[in-house]
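> Following is a predicted model, sequence given first.
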Amino acid sequence: MRVSQLFFQTLKEVPKEAQIESHRLLYRAGMIQKLASGVYNYLPLVLRSIRKLEDIIREELNKRGCQEVLMPSVQPAELWQESGRWSYYGPELLRLKDRKGGDFCLGPTHEEVITDMVRRNLRSYKQLPYNLYQFQSKFRDEVRPRFGLMRGREFIMKDGYSFDVSEEKAKESYKKMYEAYNAIFRRSGLKFKPVDAATGAIGGDMSHEFQVLADAGEDTILSCSKCDYAANLEKATSVYKENELDFSAVPPMKDVATPDQKSVEEVAAFLGKTTEEIMKSMIYMVDEEPVLILVRGDKEINEAKVQAFCKGNAVELASDSVIEEISSAEHGFIGPVGLKKQIKILADYSVTTMPSLTAGANKVGFHTENVVIKRDFTPDAISDFVITTAGERCPHCDGVLEECRGIEVGQVFYLGTKYSSKMKCEFIDESGASVPAVMGCYGIGVGRTVQAAIEQNHDEFGIIWPMAIAPYEAIVLPLQMNKEEVKNAAFDFYEKLNMAGVETVIDDRDERAGFKFNDADLVGYPVQVIFGAKSLEKGIVEVKIRKTNEKQEVKIDEAIDFIVNFKKEELKQK
RNA sequence: CGGGGUGUAGCGCAGGCCGGUUAGCGCAUCGGUUUUGGGAACCGAGGGUCGGAGGUUCGAAUCCUCUCACCCCGACCA
């Protein structure tokens, strides 16, 4: 490809919406254009990177027995009503009507469609397993799209779904995909980490996210300094367990006046205690059921853990009117002892680490001191309900948890029969019974991964593509377009490099050297081959490796081999 | 959804409070001359329904009303 013919334009100034470097670089290098909020045109350069990533994904999946399909982006409402998500997916689901008034949506994901597709074909256990995937544009009407391809409304995603005869087999499929994902991201040249993840609205009970490590990432990850434990903030746990303390010396409960002292900090300061000595009590609504959550005052409640523990769909703080029905006090004075109406009580492990705590008295303006768990009240469960923070101990070894930021580029879920039973995706098993297939689902944000690669690999001059997903692998730069011998030598080399299997462009624009250098650095071709009049006389070209920004002189007739070898080295799995 | 902000040439912006002939600047584009190893200089040119609708006025980019779009922080989501 001749750069003069390439559909792109590099920019010095970018739209102000671009807040992070990878987004700015996508604009500056002429790779994307915004069409609407969170909706982008993909220009030739990024599309090539995207296609390369897709090819890597395809190869790793096909190798493992997966089959590619393509499902529509417009989906009928009936399927979503069948799974129950039509009503509870919310405004993120873009709904449409056709001319006859029929309800449709733009697919934000394809569980319903694939489940329907498979059930039409599935009869016998002998057919399974199936593992089907596609590359398709998804649409999620995000509240706040941002960061370019990283959180767009329309985005390219590879989504895959496995169907197995049993839980055991499904977990094997899950494991296989987990390994495939590791291979995919390793081959793409990214620094990443698989982490334990919460399952959220998709459901299921086992999940890992693949996080590309980058400071601009939207997700917080906690990982162990010693072992390979790593988890999404929502899922992360620390070493805390239930403590068995001796309460015999604790005096009986006593109410103390705490007028207008509502927050943990206020109560602690008022009573001359530390926040660790206060019990934080919050009433949440898990779907329709009120639940009292208790954590030590210095901790924060992790709603995702509450949701997972209760197996609920939605968790939110209870309204004042609900609180009124349950306690005689308003929020700020709620506690586990003396509730007007008994509700489920869930205590975090941290509550058991102190011999006694001060809790709300369920009387406005009063707290109760010396509240002892299991003596003065009995929780329905004691488990982990708090947000784990950096500095806490690893749950698996004696290491310490460290915090870093990540961009979620892939996620694997074990789904079980959540969709297959609701949608009757069943088969006849060996005993002749009709049973639902056991499912898993597996996503990779393709555009997001490409942008994550930029976020992780750039410098002050521009993008530094990993060889495996670079739009082109090399660029030839004839510096004096007005000198025939330079031009001819460069074109000749460009042809040969392409023949040798290196994807190469030539910057044949009549521009000054500096302009071409800067553009080449910005776009981030891994290799630059520089043809200058002076070195050409000596039969030499300069080869610049973008990764290190080092230039070296190479004899022209050795340069092809040199670059072919460099490429080979770069593509070796590290 | 709450708070804040912005729409003026392809991109980045000025002008607006205080209404007044041809609406400016930088980048980009086109032509010319000189340049040519790290985003060249000079001369010249093209490009705008000032987001849209309505209103006030002799006169509106500027003031008023409505509307649309977009951005930032938060909440939400995975």
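Thanks, I have the structure now.
> can you tell me which helix or strand the residue nearest the centre of chain A belongs to?
Closest to where the C-alpha atoms of chain A average out (C-alpha atoms, centre = their mean) is A:Glu408, at 2.0 Å. Per DSSP states H and E: A:Glu408 is located in strand A:401-416.
> How far off centre is that strand?
5 Å (C-alpha atoms, centre = their mean, to the nearest Å).
> Can you spell out which helices and strands pack onto the helix or strand of chain A with the lowest mean pLDDT?
Using mean pLDDT, DSSP states H and E, strand A:315-317 stands out as the lowest-scoring helix or strand of chain A, at a mean of 79. Counting contacts by 3 or more C-beta pairs under 8 Å, 6 or more residues apart in numbering; DSSP states H and E, the secondary-structure elements packed against strand A:315-317 are strand A:279-286, helix A:303-310. Yep, even glycine has a C-beta here, placed from its N, CA and C like the rest.
> Reformat those as a markdown table; add distance to A:Ala170 and mean pLDDT.
As requested, those are exported to a markdown table (distance: least, C-beta to C-beta, whole Å; pLDDT from 0 to 100):
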| stretch | distance to A:Ala170 | mean pLDDT |
| --- | --- | --- |
| strand A:279-286 | 27 | 88 |
| helix A:303-310 | 19 | 83 |
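> Residues contacting the least confident helix or strand of chain A, please?
Applying C-beta atoms under 8 Å, 6 or more residues apart in numbering, the contact partners of strand A:315-317 are A:282-286, A:303-304, A:306-307.
> what two of those residues have the greatest distance between them?
A:Ile283 and A:Ala304 (17.6 Å; C-beta to C-beta).
> What values do phi and psi take at A:Glu234?
Here is the backbone geometry of A:Glu234 (degrees, to the nearest 10): phi -70, psi -30.
> Kindly report the same for A:Ile428.
phi -90, psi 120.
> What of A:Arg146?
Dihedral angles (degrees, to the nearest 10) for A:Arg146: phi -160, psi 170.
> Report the contact partners of it.
A:17, A:19, A:38.
> what's the spacing between it and A:Tyr40?
As judged by C-beta to C-beta, to the nearest Å, A:Arg146 and A:Tyr40 stand 12 Å apart.
> Also A:Cys425?
Separation of A:Cys425 from A:Tyr40 (C-beta to C-beta) stands at 35 Å.
> And for A:Val291?
42 Å.
> In contact with A:Ala257, which residues are there?
With contact set as C-beta under 8 Å, 6+ apart, A:Ala257 has these partners: A:365-366.
> again but with A:Glu550, I slipped
A:Lys544.
> Who are the contact partners of A:Tyr42?
Applying C-beta under 8 Å, 6+ apart, the residues contacting A:Tyr42 are A:31-32, A:50, A:447.
> So for RNA strand B, which of the helices and strands packed on strand A:315-317 sits nearest?
helix A:303-310 (7.3 Å; C-beta to the nearest atom of the strand).
> contact partners of that closest one?
By C-beta under 8 Å, 6+ apart, helix A:303-310 touches A:198-200, A:234-235, A:284, A:286, A:289, A:291, A:293, A:312-316, A:346, A:381, A:383-386.
> which of the residues you listed count as buried?
A:198-199, A:234-235, A:284, A:286, A:291, A:293, A:312, A:315, A:346, A:384-386 (16 or more other C-beta atoms under 10 Å).
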